[in-house]
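In: dropping the sequence and predicted coords here.
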Amino acid sequence: MSTAQIAFLKGHGTENDFVIIPDHDGLLELSPAAVARLCDRRAGIGADGVLRVVRSAAHPEARAMAGEAEWFMDYRNADGSIAEMCGNGVRVFARYLQQAGLTGAGDLAVATRAGVRRVHVAKDGPEGAGEITVDMGRALLPGGEVTVCVGGRHWPAVHVDMGNPHAVCFVDDLADAGSLLTAPAVAPAGAYPDGVNVEFVVDRGPRHVALRVHERGSGETRSCGTGACAVMVAAARRDGCDPAVTGLPVTYTVDVPGGRLVIGERPDGTVEMTGPAVIVAEGVLDAAWLTQPAATPAA
């Protein structure tokens, strides 16, 4: 990209925050180091991840989806690694498209590495204020015994795949998760060859749970959309609810440190997530700063 400045926006969904980089024609190459620099909360803009907005037809990973979805969400974790999907990110991505005039309220499709996601932007309230519902696809429960360990304590976990992998464990208190400064240990070692998001869950009431999460590549975050969906499915199965069996939809309220999400599962297995998405700022950054080597800590 030849320009000396790169436009960006900052947004969040239940305080899971993102740097948004509009790159409609796919001209910008974002290295893992550049993403990590953007997400650095002291030396950069600060975020849990980066959402690069690219036309599907302009991105090699999304061209096959261009007929279904005009826009591709190129999502990166805070450490620069690539992720398949981000539920809160899709809502923020859709909010950007709406506020940029690239789509209106109502239904749209967003291409992701986990496939096309259907999104509904509510028309109620001022523009940019309505909640956003995302069709998150079907949850997969591969089975197998998985154990999560923190500080010498162990819990059985449910392996749920929402386009990205999750280990969901139910605990007595969210403080049991510890500081979550480092990734919880998960066994067996080969259960998640590409890493895993780990959710710790407590009950708040009937079909109402709360969680804390460690996201691979980002650490503890204030919210995780795919994680909230994984938790809802795991809680429903624990509670004996399987819409595919009963023919009845089920809905849970899922509290995250940054707010509240409503997650439902339909009899066809589709999981839907509803929550807020907010754009809080926009500006420009120096392209030279973005590509320069990171400072080396003093010895």
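Out: Structure's in. What do you need? Numbers count the residues shown, from 1 in each chain.

In: can you show me the helices along the protein?
Out: For the chain, the helices defined by DSSP state H cover 32-39, 87-99, 225-238, 243-246, 287-291.

In: to A175, which of those lies closest?
Out: helix 225-238 (17.4 Å; Cβ to Cβ). Quick note: C-beta positions are derived from backbone N, CA and C, even for glycine.

In: next, the angle from that closest one to helix 87-99.
Out: Orientation of helix 225-238 against helix 87-99 (axes from the mean of the first three to the mean of the last three Cα atoms, to 10 degrees) gives an angle of 130 degrees.

In: residues of helix 225-238 that come out buried?
Out: The neighbour-count check on helix 225-238 (16 or more other Cβ atoms under 10 Å) flags 225-237 as buried.

In: quick one on the thing from earlier: so which of the helices of the chain is nearest V146?
Out: helix 225-238 (11.3 Å).

In: where does pLDDT dip in the stretch 101-250 of the chain?
Out: For the stretch 101-250 of the chain, the stretches with pLDDT under 70 are 124-129.

In: which residue ranges form the strands in it?
Out: 106-112, 115-121, 132-138, 146-150, 153-161, 165-170, 185-187, 197-205, 208-215, 219-221, 250-256 (DSSP state E, counting those that start in this stretch).

In: count of neighbours near the nearest residue to R216 once chain neighbours are set aside?
Out: Computed as Cβ to Cβ, 6 or more residues apart in numbering, the closest residue to R216 that is not its neighbour in sequence is G195, at 3.8 Å. Residues lying near G195 (other Cβ atoms under 10 Å) number 16.

In: re earlier: mean neighbour count, the strands of the stretch 101-250 of the chain: which tops it?
Out: Across the strands of the stretch 101-250 of the chain, averaging neighbours per residue (mean count of other Cβ atoms under 10 Å) puts strand 165-170 on top, at a mean of 25.

In: tell me how far that one is from the chain's mean position?
Out: 15 Å (Cα atoms, centre = their mean, to the nearest Å).

In: partner strands of it, parallel or antiparallel?
Out: Strand pairing for strand 165-170, using DSSP bridges, gives strand 153-161 (antiparallel), strand 197-205 (parallel).

In: nearest to T291, of the strands of the stretch 101-250 of the chain?
Out: So among the strands of the stretch 101-250 of the chain, strand 219-221 is nearest, using Cβ to Cβ, at 24.6 Å.
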